[in-house]
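Asks: Got a predicted structure plus its sequence, pasted below:
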Amino acid sequence: MRTPLIAGNWKMNGSLALVERFGEAFSQPEVRLPDGIDIALMVPAPYLEAARRAFSAGPLAFGGQTLHHERHGAFTGEISGAMLAEFGATYVLVGHSERRTLFGEDDAAVCARVKAALTERLTPVLCLGETLEERDAGRTEAVVLGQLEAVFDALSPEERDRLVIAYEPVWAIGTGRTATPEQAQAVHAALRARLADYDAGLAEGMRLLYGGSMKAANAAELLAQPDIDGGLIGGASLQVDDFLVICQSA
Ligand code: PEP
C-alpha cells in the first residue's frame, strides 16, 4: 500500500503569521487526521526556519519550492538543496510548471535539480503536465511520459525509488478548472504503466499526486481514484480549514 501524501504549494504567498496558524491548527489534539498519511507544506524559503519551529510538534513536514543544482557558488538569488536540508526541509518541488514556463527550466535543468535534491537526501516531488494546447492536440501522454523519461532515464534504480511524482495539467493550475477524476486517473494509469517498464516494484510503490485546482469540494473524488495517491495543492493550501478537509479526504 502506498502512503498518501497531501502537499501544499504556497508559491510566493503566505506570511510568518500563516506559518504559525498552520502549526497551531494541526497540533490541536481534537484535529482528526487519517492514520498513515504524510502531509507537507512547501513554503517560501524565508519561512523555512519558522516552519521548522511551528511544525515541530505536529504532523506537518515542509519543503522548498525549487533548488539550484549546485551546492553553493556565485548564483545570486538561488537556494541549494543543502540549505533546504540544513533548515529541516524534507521535500522539494522540482519542475513545477511555473518554474518551467516563467523561469525557463527545461528537462535537463529539472533532471539536474532532481539529482541535487537526492544528493541532499531530500524527496523531490517531480511535477509533470501538459498545456491545454497539447491536450487538445492529443499529445497529453506523449508530453507527460517524455517529461518523466527525461528524468528517470538519468537515474539509477535506487534513485528512482526516492521520488514522488505530481501530475499537474497546466490548464488546471490556478484556473479553478480541475481535471475530471477520469481524466486524472487516465494519465496516472499511463504514468504507472510507463514506470512498470522500468521496474514493477517501482510502479507499485511510486506515489502519484494530482495537482490542479484541488480543493475541499473535489478532493475526495479525485483521491478515490485507484492511481491517485495524494494531491499537490496550491490556492487551497493557504486556507487552514480547506487544507484540513483535503487532508481528511485522503
Ligand atoms: C500548484 O501550484 O501546484 C497548484 C496545483 O495550484 P492550484 O491548486 O492553485 O491550482
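Replies: Okay, I see it. Residues are numbered from 1 along each chain as shown.
Asks: Near the ligand, which residues of the protein are found?
Replies: 9, 11, 168, 173-174, 211-214, 232-236 (C-beta under 6 Å from any ligand atom). All C-beta spots, glycine's among them, are computed from the backbone N, C-alpha and C.
Asks: Okay, and the closest residue to residue 118 other than its chain neighbours sits in which element?
Replies: Nearest residue to residue 118, sequence neighbours excluded (C-beta to C-beta, 6 or more residues apart in numbering): residue 159, at 5.4 Å. Assigned by DSSP states H and E, residue 159 belongs to helix 157-160.
Asks: Identify the residues contacting that helix?
Replies: 115, 118, 152, 198-199, 202 (C-beta atoms under 8 Å, 6 or more residues apart in numbering).
Asks: Export the helix or strand that contains residue 243 to CSV, keeping only CA atoms.
Replies: Here residue 243 sits within helix 240-248, counting by DSSP H and E. What follows is helix 240-248 as a C-alpha-only set of coordinates in CSV (Å, rounded to 0.1, in the frame of the first residue of the first chain):
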residue,chain,number,x,y,z
VAL,A,240,-6.2,26.1,7.2
ASP,A,241,-9.8,24.8,7.0
ASP,A,242,-9.7,23.9,3.3
PHE,A,243,-6.4,22.2,3.6
LEU,A,244,-7.5,20.3,6.7
VAL,A,245,-10.6,19.0,4.8
ILE,A,246,-8.4,17.9,1.9
CYS,A,247,-6.1,16.0,4.3
GLN,A,248,-9.1,14.4,5.9
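Asks: Quick check: longest helix in the chain by residues?
Replies: Using DSSP state H to define each element, the chain has its longest helix at helix 181-198.
Asks: Appreciated, that's everything.
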